[in-house]
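A.B. asks: Quick check, what structure comes out for this input:
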Amino acid sequence: MASVLDFEELRLRAYFSHLAGRVGAAAGVELVCVAHMVSNSVVFLPALRDIAPIKLLLPKPKTAETPEADRIAQFKFTTHSLSRKWVSDKTDEVVDVVRRSTSENSRLIFVDIGGYFASSINKIAARLDGRVVGVMEGTENGVQKYETAADAAQVPIVTVARSPLKLPEDYHVGSGVVFSVEAVLREQAQILQTRTACVVGYGRVGSGVAEVLRGRGIPTVVHDKSPIAMAEAAARGFQVFRRLDEALQVSSLVISATGGHAIDRRALANVRSGAVIATVTSVDDEFVEKDLELYRPTTVSPAITRYDSGGQRYFWLINKGNPANFLHGAVIGPAMQLIEGEKMAAIKALADDTFVPGSRTEISEVSRDDREMVAEIWNEHFLGD
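C.D. replies: Predicted structure coming up:
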């Protein structure tokens, strides 16, 4: 008898196969892929090969050793270790790895998650003699890295991060983060309801985190650098602090969702003793890591670490500062496949030069027609009749 997991994987494969048939193969294109080694990638990465071959797989560092990574290894992708320092500081080495892994005359699309190539894509593209078609970026914090890079990208950057198809995923990620935080606290004989929460970053995921916390009856305050985001949070009934230090001082649970190194030395100095900190992005995106190193870590369990300053003041950090929901497989259900489907369409649009160009200061996106096609096929596979 097939297991539930087998059934779900079969359903995902059917969806991706149907979608790939509608999108079509990207002729002459090969992919250099940054990827999370999580359950969804077990199905999505092989499906992506129907659009273009993955010639180089770069596992995100904090998920490189997961059980799912072992399953993905069975697909025999050429892989290389990944770090921001390697990509930004060792461009020649990166180019050599790409050259060895790809066909000599192929066109290349970089599939990014988190803006790893934002500071170096121009150098890489120049060294590869015009072979780089562009970059497909999957996350909002990655988009922001491309937008704020010192040198504007000389190749197209297409993103799915701001698509309406990503809204269901963003909400479920926020819900998953809260679920995982609560699960970790319960393992330590604590509960959410004894804490006041601060959500740092009221973007698409952070707003979902705040709504879920409030729905669970947790007093929740919000901080964001953006005046627009602060006004929106206030309009939705949250207490909003314009100063991060003031928000932290009234909170015993901090969930950071900025992707912009919000948790720096000053923030850590204002975190209340005994507070719990969790994030929705990687530790190297949310923390200034050298500032975190000022505190002494003590591992309590694989899920939680105690940090102290050498005195009586301390705080708890969930999943070593990496996404809290990754502790439970980052599972968010079929909603994830909407945006994975748009990634396939975005890669094809880059290959065919049919994406919708952004303005001078904006990143490009896929067309409305492509999004409707993805949603139509998703509805067919995941909605009841």
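
A.B. asks: does Glu30 really touch Ala52, like I thought?
C.D. replies: Yes: counting by C-beta atoms under 8 Å, Ala52 is a contact partner of Glu30 at 6.1 Å. The way it works is simple: take the backbone N, C-alpha and C, and place the C-beta from them, glycine included.

A.B. asks: Same drill for those two, tell me which one is more crowded.
C.D. replies: More crowded of Glu30 and Ala52, by other C-beta atoms under 10 Å: Ala52, with 26 against 20.

A.B. asks: OK, contacts around that one?
C.D. replies: 25-26, 29-31, 109, 347, 351 (C-beta atoms under 8 Å, 6 or more residues apart in numbering).

A.B. asks: try it again with 7 Å
C.D. replies: By C-beta atoms under 7 Å, 6 or more residues apart in numbering, the contact set of Ala52 is 25-26, 29-31, 109, 347.

A.B. asks: Ok, Val160 next?
C.D. replies: Applying C-beta under 7 Å, 6+ apart, the residues contacting Val160 are 138, 166, 339, 342-343, 346.

A.B. asks: returning to that earlier point: filter the contacts of Ala52 down to the ones in strands?
C.D. replies: 29-31, 109 (DSSP state E).

A.B. asks: Which residue would you name as the spatial centre of the protein?
C.D. replies: Thr139 (5.2 Å; C-alpha atoms, centre = their mean).

A.B. asks: can I assume that one is in contact with Tyr116?
C.D. replies: No: with contact defined as C-beta atoms under 7 Å, Thr139 does not reach Tyr116; the gap is 10.5 Å.

A.B. asks: Where neighbours are concerned, which of the ones in strands among the contacts of Ala52 has the most?
C.D. replies: Ile109 (27 neighbours).

A.B. asks: related to what we said a few turns ago, who touches both of Glu30 and Ala52?
C.D. replies: Between them, Glu30 and Ala52 share no contacting residue, judged by C-beta under 7 Å, 6+ apart.

A.B. asks: Contact partners for the residue lying closest to Ala64 once chain neighbours are set aside?
C.D. replies: Closest residue to Ala64 apart from its sequence neighbours, by C-beta to C-beta, 6 or more residues apart in numbering: Met37 at 6.0 Å. Met37 makes contact with 59, 63-64, 66, 68-69, 72 under the criterion C-beta under 7 Å, 6+ apart.

A.B. asks: Which parts of this protein belong to which domain?
C.D. replies: 4-162+332-382, 167-322 (automatic domain parsing).

A.B. asks: so where do the strands sit in the protein?
C.D. replies: With strands called from DSSP E, the chain shows them at 29-35, 54-59, 107-112, 132-137, 157-159, 197-200, 220-223, 239-240, 253-256, 275-279, 296-301, 304-308, 314-318.

A.B. asks: Any idea how far the last one is from the middle of the chain?
C.D. replies: Between the centre of strand 314-318 and the centre of its chain there are 22 Å (C-alpha atoms, centre = their mean, to the nearest Å).

A.B. asks: which intervals of this protein have sub-threshold pLDDT?
C.D. replies: 1-5, 330-332, 359-361, 384-385 (pLDDT under 70).
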